[in-house]
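Asker: Below are the sequence and a predicted model for it; my questions follow.
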Amino acid sequence: MKMTFLFQYRRVFPLPHFQRACDIFLVFIVVWAAAGTIGAMLNCRPIQRNWDPYASRDCAERTDFWLAMGTLNVLTDALIFIMPLPLLKTLPLPKMQKGVLMAVFSLGFL
């Protein structure tokens, strides 16, 4: 879903610096998702212990891992939400239309 928003931003805002920022976010999200998947699989060894809730003694701290992943998830959501707002302020539109446009972009945060 995050990548969808970033690709849409790239299409709507053809500014080179903004597209570079979107590219950086895209790479970060792909690497973060891969690291999260691998980290979740390797949290317990052997891997079958991931599905055994009573195997906590052989597993790393699951709670810390998922808390870190959740925090990064919320942080990237907020940053992706905020990215286009400064560009919308620079549009040559009346204040009312800018406000409505910013409200429409803000609906994506829900």
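Answerer: Received it, and whenever you're ready, just let me know what you need. The structure displayed is predicted, hence computed values, not measured ones.
Asker: List the contacts of the spatially most central residue of the chain.
Answerer: Closest to where the C-alpha atoms of the chain average out (Cα atoms, centre = their mean) is T76, at 3.5 Å. Applying Cβ atoms under 8 Å, 6 or more residues apart in numbering to T76 gives the contacts 2, 25, 28-29, 32. In this view, the C-beta of every residue, glycine as well, is placed from N, C-alpha and C.
Asker: can you put these in CSV and add distance to Y9 and secondary structure?
Answerer: Shown next, in CSV, are those (distance: Cβ to Cβ, whole Å; DSSP: H, G, I helix; E, B strand; the rest coil):
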residue, distance to Y9, secondary structure
K2, 11, helix
F25, 9, helix
F28, 14, helix
I29, 13, helix
W32, 18, helix
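Asker: If we only consider the residues you listed, which is nearest to I47?
Answerer: Using Cβ to Cβ, W32 is the member of the contacts of T76 that sits closest to I47, with 20.9 Å.
Asker: Tell me, what's the model's pLDDT at the closest residue to that closest one other than its chain neighbours?
Answerer: Nearest-residue entry for W32: L72, 6.4 Å, with adjacent residues in sequence omitted and distances by Cβ to Cβ, 6 or more residues apart in numbering. If you check L72, the pLDDT there is 93.
Asker: Which among the contacts of T76 count as buried?
Answerer: Listed as buried from the contacts of T76 are 2, 25, 29; burial here means 16 or more other Cβ atoms under 10 Å.
Asker: surely the last one meets F5?
Answerer: Think I29. No - in terms of Cβ atoms under 8 Å, I29 does not count as a neighbour of F5; the distance is 10.2 Å.
Asker: Quick check: which element contains the residue nearest to the centre of the chain?
Answerer: Assigned by DSSP states H and E, T76 falls within helix 62-82.
Asker: Report the buried residues of that helix.
Answerer: Going by 16+ other Cβ under 10 Å, helix 62-82 has these buried residues: I80.
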